[in-house]
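In: A structural model of the following input is requested.
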Amino acid sequence: MTQEFLQDAVVADLKQLFQGETLKNSAGVERRIRVYPQDLPIRAGADIEPEPVEEDLEAEQPEDQTTEETETEDVPEPEEQTPVISPDAVVEPEPEEENEPADSGEAAAPTLHFSETDGLKRPVSGEVLIPYSMNSTVYFSTLDQFKCSPALVLAAEQGSAVTACAEGRVVDIFENEEIGQAVTMELGDGYQITYGQLEALNVTLGDHVDQGEVIGWIAAPTRYYCVEGSNLYLKLTSNGKEINPEALFR
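Out: Numbers count the residues shown, from 1 in each chain. Model (predicted):
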């Protein structure tokens, strides 16, 4: 008998036992034996499902694997490509922006010109109190002394108007104890003229003044000219050198 046949016979007998059949032992005593399925032998190809094996909860856990952080690779930015210009292509130059002069709202100051042949207009009608004299000394009554005179001193009533001898531009306004309040005007070509012993000025720094325009009015004389009386102090220079204004009156 083959091994497979023997296994089938044993299984058949055991199934009867499992179903509760009574068997007798060698002494003739009947006993009921119950056999459980897990005690049955399993042959190859039997349709008996094995009892599931409980998983060992304390089974060895897999070793912790360090999760490596995936580093984001820096993706290089695409390089700007310089356009290739064909040698036959005609490249038009970009138009240049024109720098327009700022509109200041004021007309450009006219260029001044003066020569001694143009002459000067008398600023006041009074007589000469102290003449211009740089080659010899002249007498100053208030100071009671003789000295050189770099300017012309003309008699003028206090409060009378003083007009411009020539066209010019106001470049300085100042005051000192000798000639009081004064205005210096540029005439052009290196010539400047100063008006002293003034009050209530009619011009400001930078003004363009026409010939004959009122500059201001005659003030009370300073203590340097109190004996001579009220007057106009008039000084003319060419490139810083004093010249005689009286010689240019027309």
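In: residue contacts, residue 228?
Out: 129, 130, 140, 141, 142, 153, 155, 221 (CB atoms under 8 Å, 6 or more residues apart in numbering). (Glycine included, C-beta is placed from N, CA and C.)
In: how about residue 242, what does it touch?
Out: Taking CB under 8 Å, 6+ apart as the contact definition, residue 242 lies against 132, 134, 150, 151, 235, 236.
In: among those residues, name the ones in helices.
Out: For those, not one is inside helices, with DSSP state H as the criterion.
In: what is residue 175 paired to in the beta sheet?
Out: Beta-bridge pairing of residue 175 under DSSP bridges involves residue 181.
In: i'd like the first residue to be 147 from this point on
Out: In the new numbering, first residue 147, that becomes residue 321.
In: ok so, going back, neighbour count and pLDDT for the contacts of residue 388 - can I get that in JSON lines?
Out: Shown next, in JSON lines, are the contacts of residue 388 (neighbours: other CB atoms under 10 Å; pLDDT from 0 to 100):
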{"residue": "278", "neighbour count": "22", "pLDDT": "97"}
{"residue": "280", "neighbour count": "13", "pLDDT": "95"}
{"residue": "296", "neighbour count": "16", "pLDDT": "97"}
{"residue": "297", "neighbour count": "22", "pLDDT": "97"}
{"residue": "381", "neighbour count": "21", "pLDDT": "98"}
{"residue": "382", "neighbour count": "25", "pLDDT": "97"}
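In: and the strands in the chain, which stretches?
Out: Shown for the chain, the strands assigned by DSSP state E span residues 168-170, 176-178, 274-276, 279-286, 291-295, 298-301, 307-309, 314-322, 326-334, 337-345, 354-355, 360-364, 377-384, 387-389.
In: for the protein, what are the low-confidence residue spans?
Out: Applying pLDDT under 70 to the predicted model, the residue ranges of the chain that meet it are 147-253.
In: change it to 50
Out: Per-residue confidence of the chain (counting by pLDDT under 50) places the weak regions at 164, 188, 190-191, 194, 199, 203, 205, 212-214, 216.
In: burial of residue 292, as a residue count?
Out: 12 (other CB atoms under 10 Å).
In: pretty sure it sits against residue 279.
Out: No - contact between residue 292 and residue 279 fails when scored by CB atoms under 8 Å: they sit 9.9 Å apart.
In: out of the contacts of residue 374, which end up buried?
Out: Among those, the ones that count as buried by 16 or more other CB atoms under 10 Å are 275, 276, 286, 299, 301, 367.
In: let me see the contact set for the fourth one.
Out: Think residue 299. With CB under 8 Å, 6+ apart, residue 299 has these contacts: 274, 275, 276, 371, 374, 377, 378, 379, 380.
In: what's the answer for the second one, then?
Out: Taking CB under 8 Å, 6+ apart as the contact definition, residue 276 lies against 284, 286, 295, 298, 299, 374.
In: relative to residue 265, how far out is the fourth one?
Out: Taking CB to CB, to the nearest Å as the measure, residue 298 falls 15 Å from residue 265.
In: which of these two has more neighbours?
Out: More crowded of residue 298 and residue 265, by other CB under 10 Å: residue 298, with 23 against 13.
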